[in-house]
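J.: Sharing a model prediction with you, sequence too.
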Amino acid sequence: MLKIENLSVYYGKIRALNNVSLEVRDGEIVSLIGANGAGKSTLIWTVAGCIKPLSGRITLDGKEIPPLPHVAAAMGIGLSPERRRLFPNLTVRENLLMGAFLRNDKEGIERDAKAMYELFPVLAKRKEQYAGTLSGGEQQMLAIARALMSKPKLLLLDEPSLGLSPLLTSEVFRKITEVNQTGVTVLLVEQNAKKALKVAHRAYVIEAGRITMEDSASKLLESDHVRRAYLGVRGE
């Protein structure tokens, strides 16, 4: 579904991504793990059309994604950004409707909003509450639901566990699995490597802007390098 070929991105003279190539197949959860500053979020935002790469190519179902976020969204890219970036002074329901801003099927939008309340029951209880008053976990679920309101082919999740307690992190990851089981393909960027690898089908490791490893998620969980660098397991 998603194919990234030889992608390079610079911020001024600083190279954030260096000839990155990866792919996400239809129906998968693919995780991208790495340390702070490795280039994870840069890659997500470039796929979403928010950053113009210096070189390389990104395609969705064979069609090139231009560096224009509204076009990427119309092509089927949904983004749940790092730190949620909700509209704090809009209600839960209004935030959901903002996720459907490119759609004009009123009945379909209402049907999908109802489906979001079923997928995330806490949002149904809070639908007339301002987003800025929600807990961190509730905000994260709203951010994911808002992205799903665009009916994406591919859902991009940028650090969904950031700032959450272990209990809420587990709940959010359960919801990510449920979303995937509805047929949505997921590219997940996450610092919590253990959680990310446990829900993913395949994964990539990014270090200093380069992809250094790729394999099934289960095999990367057993990798000595991944265990030492990202799972806090000490070597002998």
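T.: Cool, got the structure.
J.: Surely Val184 touches Met149?
T.: No - taking contacts as C-beta atoms under 8 Å, Val184 lies outside contact range of Met149: 12.0 Å. The way it works is simple: take the backbone N, C-alpha and C, and place the C-beta from them, glycine included.
J.: So which of the two has more stuff around it?
T.: Per other C-beta atoms under 10 Å, whichever of Val184 and Met149 has more neighbours is Met149, with 22 against 19.
J.: so what's that one closest to, chain neighbours aside?
T.: Gly99 (3.2 Å; C-beta to C-beta, 6 or more residues apart in numbering).
J.: ranges for the strands of this protein?
T.: For the chain, the strands defined by DSSP state E cover 2-11, 14-24, 29-33, 55-60, 63-64, 77-80, 154-158, 185-189, 202-207, 210-216.
J.: quick one: the second one to strand 154-158, angle?
T.: In this structure, strand 14-24 runs at an angle of 140 degrees to strand 154-158, with axes from the mean of the first three to the mean of the last three C-alpha atoms, to 10 degrees as the basis.
J.: Report the contact partners of the one residue sitting closest to the centre of the chain.
T.: The chain has Leu157 as the residue nearest its centroid, 1.2 Å off, counting by C-alpha atoms, centre = their mean. Applying C-beta atoms under 8 Å, 6 or more residues apart in numbering, we find Leu157 in contact with 80, 144, 176, 186-190.
J.: again, only this time at 6 Å
T.: By C-beta atoms under 6 Å, 6 or more residues apart in numbering, Leu157 lies in contact with 80, 188.
J.: gap between it and Glu5?
T.: For Leu157, the distance to Glu5 equals 22 Å [C-beta to C-beta, to the nearest Å].
J.: for Arg111, same thing?
T.: 37 Å.
J.: ok, now Gly56?
T.: Taking C-beta to C-beta, one finds Gly56 at 6 Å from Glu5.
J.: try Gly49
T.: 16 Å.
J.: got it, and Glu107?
T.: Using C-beta to C-beta, one gets 39 Å for the distance from Glu107 to Glu5.
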